[in-house]
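> Turn this into a model:
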Amino acid sequence: VEKEPRFQIPPTVAADNTSISVAFASFELDGGRFEDPHTIEPEIVHDLKVEARISRWPEGADRLVLEPISVEPAGTYELPTFTLDRAAGGSAPVLSATGRLLIRNPLSLFARPLEFKYRARFEPFRSDISVFIQGQHALRVQCFDPVRSPQSGYAQIDQRLVALRDQARRQPAIKDRELHNFLLLMTALGAIAGQALQDSLFPGSWPESDFQREVRRMLRSDRRIGSELEEHPHAAGGITDLSFRGIRLELKVESSDTVTADTVQRYFQQTIQYVAGSDRRFGTLCVLDCSEKTAAPGSAANDLFLHVADPPRSGLPILLGVVIVRGNLRKPSSYSR
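Numbering: from 1, shown residues only. Now for the predicted structure:
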């Protein structure tokens, strides 16, 4: 009678006597939680703090070292290496250390955040001891500086564009090229909104045809747009006002009521159909507010926002960038009379 074979441990398991520990880490910047991504002003030294909870300290391990790794260009950043010493009376529940973080250069408005990761090791080094980081071990940093790298010419509008960019990137299946073209057009429209408020470019009441003519002129004078701006291209069975690299721009003028984020919603469906019929995910809507003003307008940055239009059934949303241009402005001195 043939005997049953004895159970044997696989060679890979039998030979693996590695001791494994886990470090649960979290980071703070200048006393606040490190966000994802975190906006950091370049060329300013910041405090970066790490807190780590160690699952178990292997025999012979005196300290835990956390060191940064990245594929970002060398010399553009400085991140600290943290050394967490083992407590003399046993393992402390939570260990912490603070170092200095410096980002030397601002990023382009269109660039993705800088990415850094921390890896861990015990010292003295032993080949049979491994440690892994759980929790927060990847840090993403964005540091666009609207002063050093202006886009629209208005710092608050540029900061608002950064927020819209991040909001758009959180949507599924967004292509970088289309997002880049969308941001270029939104930047130019934001500049028009800023100039209109600063210099009262649109006094009185404006016909929509005159508004389109002026917007076309101002957009084509932007060297990043120029000849690539089209007028009256056909899309989705209709005729659009303007278009830049397939990003449709619909223009409207409102003279009776004050234009707000709520009142512009009646123009969304027309613009959405143009976008869908153009095989794009992004479109733009620019509305000139020529209503009678009873109060001073706020910052032009407040008049830029992103509308995410969910499809009737499950699928990919369409994103509309909305810019409200304030016209028919009163003289500031008239409010005090």
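> Give the other helices and strands that the longest helix along the chain contacts.
When the chain is scanned for its longest helix (criterion: DSSP state H), the result is helix 176-199. Judged by 3 or more Cβ pairs under 8 Å, 6 or more residues apart in numbering; DSSP states H and E, helix 176-199 is in contact with helix 155-169, helix 208-220, strand 242-244, strand 247-254, strand 282-289, strand 304-309, strand 318-326. For the C-beta atoms, the positions are set from N, CA and C on the backbone; glycine is no exception.
> make it 7 Å
For helix 176-199, the elements it packs on are helix 155-169, helix 208-220, strand 247-254, strand 282-289, strand 318-326, judged by 3 or more Cβ pairs under 7 Å, 6 or more residues apart in numbering; DSSP states H and E.
> Give the buried residues for the first one.
This means helix 155-169. 156-158, 160-162, 164-165, 168 (16 or more other Cβ atoms under 10 Å).
> Can you pull the poorly scored residue ranges out of the protein?
1-18, 89-92 (pLDDT under 70).
> Tyr154 against Gly194, yeah?
Yes - with contact defined as Cβ atoms under 7 Å, Tyr154 reaches Gly194; the gap is 3.9 Å.
> Need the residues touching each of these two.
Ala300 (Cβ atoms under 7 Å, 6 or more residues apart in numbering).
> ok, back up a step: for His232, find the nearest of the helices and strands packed on helix 176-199.
helix 208-220 (9.4 Å; Cβ to Cβ).
> Could you tell me which residues within the helix or strand just after the closest one count as buried?
Moving toward the C-terminus from helix 208-220, the next helix or strand (DSSP states H and E) is strand 229-231. Neighbour counts over strand 229-231 (16+ other Cβ under 10 Å) mark 229-230 as buried.
> And for stretch 319-335?
319-329.
> Equivalent analysis for stretch 95-105, please.
Buried-residue list, stretch 95-105, by 16+ other Cβ under 10 Å: 95, 97, 99, 101-103.
> Secondary structure and distance to Ala295 for those - can I get that in CSV?
Conversion of those to CSV gives the following (DSSP: H, G, I helix; E, B strand; the rest coil; distance: Cβ to Cβ, whole Å):
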residue, secondary structure, distance to Ala295
Leu95, strand, 55
Ala97, strand, 52
Gly99, strand, 49
Leu101, strand, 43
Leu102, strand, 44
Ile103, strand, 40
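> Which of the residues you listed sits closest to Arg148?
Distances from Arg148 to those, taken by Cβ to Cβ, are shortest for Ile103, at 12.4 Å.
> Contacts only, for the closest one.
Applying Cβ under 7 Å, 6+ apart, the residues near Ile103 are 40, 42, 77, 141, 143.
> count of residues packed around Thr198?
That one is not Thr; residue 198 is Gln. 11 (other Cβ atoms under 10 Å).
> Equivalent analysis for Tyr274, please.
26.
> That one should be in a strand, yeah?
No - applying DSSP: H, G, I helix; E, B strand; the rest coil, one finds Tyr274 to be helix, outside a strand.
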